[in-house]
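[1] Got a sequence here, can you build the structure:
(one chain, ligands or ions: 2)
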Amino acid sequence: MLQPLRILFRPKWMVSRSSGSYVSRMRHLNKIKEEDEACRAALQSGNIFLYHKLAPLLRRTDSGIYQLPALQTKDVEEILEKLGEDKEMVKESILINCTEQNEAQFSFDVGAIEQAAVEELCRGTFVDLRKAFFLLRGSEAPLVARGQALLRWHQTNGFCSSTGQPTQRNQSGSQRVCHSSGITYYPKMSPVVIVLLSDGKRCLLGRQSTFPRGMYSALAGFCDIGETMEEALRREIAEEVGLEVESIQYSGSQHWPFPQSSFMVACHATVNPDKTHVSVDKVELEDARWFSLEEVQEALTIKAPPRNNKGEPTVFWVPPSYAIANRLIQEWANQQHLKS
Ligand SMILES: NC(=O)c1ccc[n+]([C@@H]2O[C@H](COP(=O)([O-])OP(=O)(O)OC[C@H]3O[C@@H](n4cnc5c(N)ncnc54)[C@H](O)[C@@H]3O)[C@@H](O)[C@H]2O)c1
Ligand SMILES: [Mg+2]
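    Ligands and ions are numbered 1, 2, ... in the order given. Okay, the predicted model is just below:
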């Protein structure tokens, strides 16, 4: 039932980078991930992104743009010393990635230190990750999400679930080991399918009662253990809206940090145009309904929905562009437009 993979969007990495530099960068990254000594050396010349209790540090430029300040290790050591902390704490930084210039990128949570004091020294502000997603541009949003996801994982996996003994991390933070049981733990993502369902003319969007007012999104659901992605997709659609899927087409994927790390697999799917009656599972969803191309096109133009005097949005709108749901909706609208 899964259609052959067809790339609807060409990601930037497919267009610009030569394979030589990409290969050497990935091999360098893998080395510092796996070898403690190489990672310690990389930290000396690397970039560090600060978080405070998982909220990333952002800096506003004079032109009003928000950036993710990349601090040098010596800067962070200086900050720690100025605030009366042990500068060796910087070694707890977690490897996230590396730049095109092969500089390692790390995340470090200063949650044990007074927030305002760090903000003053860094000329920045720690902001909630959801807000940071709105404020940052381009590749900085996935980077900051990845850094936070890794920090969160370390903060919640300090003990072995078999022996109850403390686990020890390697230098990069790519794993934790329980030396008592020999179990190695790796950072985890939960697989989720997200699907834009079409009957050929309209698309189906739903909303949970916790969504901001007026916002509808593509339907999503966690994969059960042992399920294929296609099985999870068919089951979720059957459970949530009582419809039977006829065909599935893969679109793309995204790491989603809210509320915990999910691996979102995004697909388009179709139903028989004669079998479109929606029966909403009211435990999961507040509402789900079919939307026309015109309604969707209008919603896609809304960057910030108008609000009533209680601050609630007053119109139908869809998730912002950083969410893969937006991309699915955009792709569907483009394809419908081409058909008409
Ligand atoms: N990036 C996007 O564009 C986008 C859009 C919509 C939803 N999402 C995300 O997709 C995720 C799943 O969507 P949903 O809430 O409709 O899922 P869902 O329909 O599977 O319902 C959630 C319920 O599934 C259960 N569940 C099973 N496995 C779980 C696990 N590993 N973690 C948490 N709960 C689990 C829980 O009972 C939970 O209440 C959410 O985290 C949401 O934030 C992302
Ligand atoms: Mg769901």
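[2] Apart from its chain neighbours, what residue comes closest to the residue in the stretch 201-340 of the chain that ligand 2 sits nearest to?
    The stretch 201-340 of the chain approaches ligand 2 most closely through residue 221 (4.3 Å), counting by C-beta to the ion. For every residue, glycine as well, the C-beta is placed using N, CA and C. Once flanking residues are discounted, residue 221 sits nearest to residue 236: 3.4 Å by C-beta to C-beta, 6 or more residues apart in numbering.
[3] remind me which residues of the protein are low pLDDT?
    For the chain, applying pLDDT under 70 flags the ranges 1-20.
[4] Can you show me the helices along it?
    With DSSP state H as the criterion, the chain has helices at 12-16, 19-34, 36-44, 73-82, 115-122, 129-135, 140-156, 229-241, 293-300, 324-339.
[5] Now the fourth one: buried residues?
    Translated: helix 73-82. 73, 75-77, 79-80 (16 or more other C-beta atoms under 10 Å).
[6] how about the nearest residue to the residue of the stretch 51-200 of the chain found nearest ligand 1, chain neighbours excluded?
    Residue nearest to ligand 1 within the stretch 51-200 of the chain: residue 190 (3.7 Å; C-beta to the nearest ligand atom). Nearest-residue entry for residue 190: residue 262, 5.0 Å, with adjacent residues in sequence omitted and distances by C-beta to C-beta, 6+ apart.
[7] same question, residue 58
    The nearest residue in space to residue 58 (C-beta to C-beta, 6+ apart) is residue 66, at 4.8 Å.
[8] Let me know how buried that neighbour is, in neighbour terms.
    Burial of residue 66, expressed as a neighbour count using other C-beta atoms under 10 Å, amounts to 18.
[9] ok, and what's touching stretch 83-95?
    The contact list for stretch 83-95 (C-beta atoms under 8 Å, 6 or more residues apart in numbering) reads 32-33, 39-40, 42-43, 46, 48, 73, 76-78, 80-81, 104-108, 112-114, 117-118, 121, 147, 150-151, 154, 171-174.
[10] Which parts of the stretch 201-340 of the chain are strands?
    203-207, 219-222, 247-256, 262-270, 287-291 (DSSP state E, counting those that start in this stretch).
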